[in-house]
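> 3D model of this:
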Amino acid sequence: MKMLLSLIALLSAALLASAAPPTCYSRVLSLSKEITESFKELQTSKDVDSCVETLPRLYLDIHNYCVLAKLRDFVAYPRCDTVLEVNELKEKARSLYTILISYCRRDLVFLTDDCNALEIPIEHSITES
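Next up is the predicted model:
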């Protein structure tokens, strides 16, 4: 009987842990990864408009202070407004920017302000830490 109660308690704790809401950091991290992956897919897709090649690069590292300017520049980019995939990506970038500057403003720590680092697609920049 004790074993059964222990098992029920353990399963209940596991369910509660998985139901916990994401933190600001985890939400920002997952959204930045999603945006970076979507941008890579858009750049390599053969079915999109040629204007996609002119888009500003969008390799995000939420630990870099320059990510704010990068997101602003991408959202404000005037070309490719007729491409649905670009508009969807801009909307995600706008959401990430809003989360960074308002909801998570005090929760995040920027470790660098190297803007050139955001021009190169480095896998470990968004997956480490």
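
> going by C-alpha atoms from here, please, whenever you check contacts or count neighbours.
OK.

> gap between residue 100 and residue 119?
Separation of residue 100 from residue 119 (Cα to Cα, to the nearest Å): 20 Å.

> right, I mislabeled it, should have said residue 80
From residue 80 over to residue 119 (counting by Cα to Cα), the distance is 20 Å.

> with residue 29 instead?
Distance from residue 29 to residue 119, by Cα to Cα: 18 Å.

> those two: who's more crowded?
residue 29 (18 against 14; other Cα atoms under 10 Å).

> identify the residue nearest the more buried one in space, chain neighbours excluded?
In space, and not counting its chain neighbours, residue 29 is closest to residue 62: 6.9 Å by Cα to Cα, 6 or more residues apart in numbering.

> same question, residue 93
Of all residues not flanking residue 93 in the chain, residue 71 sits nearest, at 6.0 Å (Cα to Cα, 6+ apart).

> got it, and residue 75?
Excluding its sequence neighbours, the residue lying closest to residue 75 (Cα to Cα, 6+ apart) is residue 90, at 5.1 Å.

> residue ranges with poor pLDDT in the chain?
Within the chain, the set of residues satisfying pLDDT under 70 comprises 5, 7, 10-21, 121-129.

> list the buried residues of stretch 32-51.
Under the neighbour-count criterion of 16 or more other Cα atoms under 10 Å, stretch 32-51 has 32-36, 38-39, 42-43 buried.

> what helices and strands are in contact with the helix or strand containing residue 69?
In the assignment (DSSP states H and E), residue 69 maps to helix 67-76. With contacts defined as 3 or more Cα pairs under 8 Å, 6 or more residues apart in numbering; DSSP states H and E, helix 67-76 has these neighbours: helix 84-98.

> thanks a lot, see you next time.
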